[in-house]
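> structure of the sequence below:
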Amino acid sequence: MAEYKHYRPRLFYSSYFWRFDPKDNDQLRGGATYYLLPEVAVTGTVAAVFFEDEKNAYLSLGVACPYGSATLYGGDGFGGDELGFSLGATYPVCEKLDLFADLDYSRYRIYEDEERDYLFSSIFGINWRPEKNILAGIELQDLNNDLLSKDWRLLVKLSVNHSRVF
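I've put the predicted structure just below:
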(Lines give C-alpha, C1' and ligand atoms only; values in the text may rest on other atoms or scores of the structure.)
Protein backbone atom coordinates (compact mmCIF):
# COMPACT_ATOMS: atom_id res chain seq x y z
CA MET A 1 0.00 0.00 0.00
CA ALA A 2 1.23 3.47 -0.79
CA GLU A 3 -0.44 6.87 -0.78
CA TYR A 4 0.39 10.54 -1.20
CA LYS A 5 -1.80 13.38 0.06
CA HIS A 6 -1.47 17.14 -0.18
CA TYR A 7 -3.44 19.12 2.40
CA ARG A 8 -4.33 22.77 2.00
CA PRO A 9 -6.31 24.23 4.90
CA ARG A 10 -9.65 25.66 3.86
CA LEU A 11 -10.57 27.99 6.68
CA PHE A 12 -12.65 31.10 6.44
CA TYR A 13 -10.72 34.25 7.24
CA SER A 14 -13.17 35.04 10.02
CA SER A 15 -12.66 31.60 11.60
CA TYR A 16 -11.11 31.22 15.05
CA PHE A 17 -8.49 28.82 13.63
CA TRP A 18 -7.18 31.30 11.05
CA ARG A 19 -5.13 33.05 13.79
CA PHE A 20 -2.85 29.97 13.90
CA ASP A 21 -1.74 30.59 10.31
CA PRO A 22 -2.22 27.02 9.02
CA LYS A 23 0.13 25.91 6.24
CA ASP A 24 -0.05 23.37 3.44
CA ASN A 25 1.60 20.02 4.00
CA ASP A 26 2.40 16.85 2.10
CA GLN A 27 1.97 13.34 3.47
CA LEU A 28 3.53 10.09 2.28
CA ARG A 29 2.45 6.74 3.69
CA GLY A 30 3.35 3.18 2.82
CA GLY A 31 2.88 -0.21 4.33
CA ALA A 32 2.48 -3.92 3.89
CA THR A 33 0.32 -6.68 5.32
CA TYR A 34 1.45 -10.29 5.48
CA TYR A 35 -1.00 -13.07 6.32
CA LEU A 36 0.58 -15.73 8.52
CA LEU A 37 -2.73 -17.65 8.46
CA PRO A 38 -5.98 -16.82 6.64
CA GLU A 39 -7.22 -14.86 9.69
CA VAL A 40 -3.92 -13.69 11.24
CA ALA A 41 -2.11 -10.72 9.72
CA VAL A 42 1.08 -8.80 10.49
CA THR A 43 1.06 -5.17 9.35
CA GLY A 44 3.69 -2.46 9.14
CA THR A 45 3.31 1.15 8.04
CA VAL A 46 5.59 4.13 7.78
CA ALA A 47 4.45 7.70 7.22
CA ALA A 48 6.03 11.11 6.83
CA VAL A 49 4.44 14.56 7.04
CA PHE A 50 6.33 17.42 5.40
CA PHE A 51 5.70 21.03 6.41
CA GLU A 52 7.66 24.03 5.08
CA ASP A 53 11.13 23.16 6.40
CA GLU A 54 10.14 20.50 8.92
CA LYS A 55 9.06 16.88 8.87
CA ASN A 56 7.52 14.26 11.13
CA ALA A 57 7.95 10.50 10.71
CA TYR A 58 5.75 7.71 12.09
CA LEU A 59 6.13 3.94 12.23
CA SER A 60 3.70 1.24 13.36
CA LEU A 61 3.95 -2.54 13.58
CA GLY A 62 1.00 -4.71 14.47
CA VAL A 63 -0.65 -8.10 14.47
CA ALA A 64 -4.39 -8.78 14.15
CA CYS A 65 -6.78 -11.71 14.30
CA PRO A 66 -10.60 -11.90 14.35
CA TYR A 67 -10.76 -11.36 18.14
CA GLY A 68 -8.13 -8.70 18.66
CA SER A 69 -5.07 -6.73 17.68
CA ALA A 70 -1.82 -5.38 19.12
CA THR A 71 0.15 -2.46 17.69
CA LEU A 72 3.46 -0.81 18.60
CA TYR A 73 3.84 2.72 17.24
CA GLY A 74 6.24 5.62 17.36
CA GLY A 75 6.81 9.02 15.89
CA ASP A 76 9.51 11.67 15.82
CA GLY A 77 9.74 15.12 14.34
CA PHE A 78 9.72 18.85 14.90
CA GLY A 79 6.69 18.66 17.23
CA GLY A 80 8.22 16.09 19.58
CA ASP A 81 8.38 12.32 19.83
CA GLU A 82 6.14 9.49 21.00
CA LEU A 83 6.39 5.75 21.65
CA GLY A 84 3.39 3.63 22.56
CA PHE A 85 1.31 0.52 22.12
CA SER A 86 -2.35 -0.31 21.73
CA LEU A 87 -4.37 -3.46 22.36
CA GLY A 88 -7.87 -4.16 21.11
CA ALA A 89 -10.20 -7.08 21.71
CA THR A 90 -13.66 -8.10 20.54
CA TYR A 91 -15.80 -10.88 22.01
CA PRO A 92 -18.95 -11.98 20.19
CA VAL A 93 -21.59 -12.65 22.87
CA CYS A 94 -24.05 -13.89 20.25
CA GLU A 95 -24.66 -13.41 16.53
CA LYS A 96 -25.76 -9.77 16.89
CA LEU A 97 -23.95 -8.61 20.05
CA ASP A 98 -20.23 -7.88 20.58
CA LEU A 99 -18.30 -6.71 23.62
CA PHE A 100 -15.11 -4.76 22.91
CA ALA A 101 -12.21 -3.12 24.69
CA ASP A 102 -9.34 -0.89 23.53
CA LEU A 103 -6.32 0.12 25.61
CA ASP A 104 -3.65 2.60 24.53
CA TYR A 105 -0.54 3.74 26.40
CA SER A 106 2.18 6.07 25.19
CA ARG A 107 5.02 8.21 26.46
CA TYR A 108 5.62 11.44 24.61
CA ARG A 109 7.68 14.61 24.70
CA ILE A 110 6.49 17.84 23.13
CA TYR A 111 9.04 20.07 21.38
CA GLU A 112 12.22 20.45 23.42
CA ASP A 113 10.82 19.44 26.83
CA GLU A 114 13.18 17.33 28.89
CA GLU A 115 10.52 15.29 30.67
CA ARG A 116 8.20 12.79 29.06
CA ASP A 117 4.48 12.77 29.74
CA TYR A 118 2.21 9.77 29.51
CA LEU A 119 -1.19 9.18 27.98
CA PHE A 120 -3.38 6.19 28.86
CA SER A 121 -6.80 5.69 27.34
CA SER A 122 -9.25 2.85 27.65
CA ILE A 123 -12.56 2.14 25.96
CA PHE A 124 -15.06 -0.53 26.94
CA GLY A 125 -18.32 -1.04 25.13
CA ILE A 126 -20.98 -3.12 23.51
CA ASN A 127 -22.21 -3.13 19.91
CA TRP A 128 -25.54 -4.47 18.73
CA ARG A 129 -26.18 -5.15 15.04
CA PRO A 130 -29.91 -5.95 14.62
CA GLU A 131 -29.57 -5.85 10.81
CA LYS A 132 -26.62 -6.01 8.43
CA ASN A 133 -26.66 -2.24 7.81
CA ILE A 134 -27.57 -1.01 11.34
CA LEU A 135 -25.17 -0.67 14.27
CA ALA A 136 -26.07 0.63 17.73
CA GLY A 137 -23.71 0.78 20.66
CA ILE A 138 -22.61 2.35 23.87
CA GLU A 139 -19.07 2.82 25.17
CA LEU A 140 -17.33 4.19 28.21
CA GLN A 141 -14.11 6.09 27.50
CA ASP A 142 -11.44 7.01 30.05
CA LEU A 143 -8.42 9.25 29.48
CA ASN A 144 -5.51 9.74 31.91
CA ASN A 145 -2.40 11.87 31.52
CA ASP A 146 -0.22 14.21 33.56
CA LEU A 147 -2.74 17.04 33.16
CA LEU A 148 -5.99 15.14 33.76
CA SER A 149 -6.12 12.28 36.24
CA LYS A 150 -9.57 11.23 35.03
CA ASP A 151 -11.55 12.23 31.96
CA TRP A 152 -14.61 9.98 31.62
CA ARG A 153 -16.94 10.06 28.62
CA LEU A 154 -19.99 8.08 27.62
CA LEU A 155 -20.69 7.66 23.92
CA VAL A 156 -23.99 6.39 22.53
CA LYS A 157 -23.88 5.67 18.82
CA LEU A 158 -26.22 4.66 16.03
CA SER A 159 -25.13 4.23 12.43
CA VAL A 160 -27.09 3.23 9.39
CA ASN A 161 -25.22 2.26 6.24
CA HIS A 162 -27.19 2.64 3.05
CA SER A 163 -25.53 1.79 -0.21
CA ARG A 164 -26.77 1.02 -3.68
CA VAL A 165 -25.18 -0.60 -6.69
CA PHE A 166 -25.66 1.37 -9.91
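
> where does the protein dip in pLDDT?
For the chain, the stretches with pLDDT under 70 are 11-14, 16-22, 112-113, 148.

> strands of that one, residue ranges please.
Assigned strands in the chain, in chain order: 2-7, 25-37, 40-50, 55-65, 68-77, 80-94, 97-110, 117-131, 134-145, 151-160 (criterion: DSSP state E).

> between those, which one is closest to Ser15.
strand 2-7 (16.2 Å; C-beta to C-beta). Placement of C-beta: from N, CA and C, glycine included.

> show me what contacts Leu61?
Val42, Thr43, Gly44, Thr71, Leu72, Tyr73 (C-beta atoms under 8 Å, 6 or more residues apart in numbering).

> now, of those residues, which are buried?
Buried residues within the contacts of Leu61, defined by neighbour count using 16 or more other C-beta atoms under 10 Å: Thr43, Thr71, Tyr73.

> so the last one touches Asp81, yeah?
No - using C-beta atoms under 8 Å, Tyr73 is not in contact with Asp81; the gap is 11.6 Å.

> any common contacting residues for those two?
Shared contacts of Tyr73 and Asp81, counting by C-beta under 8 Å, 6+ apart, come down to nothing at all.
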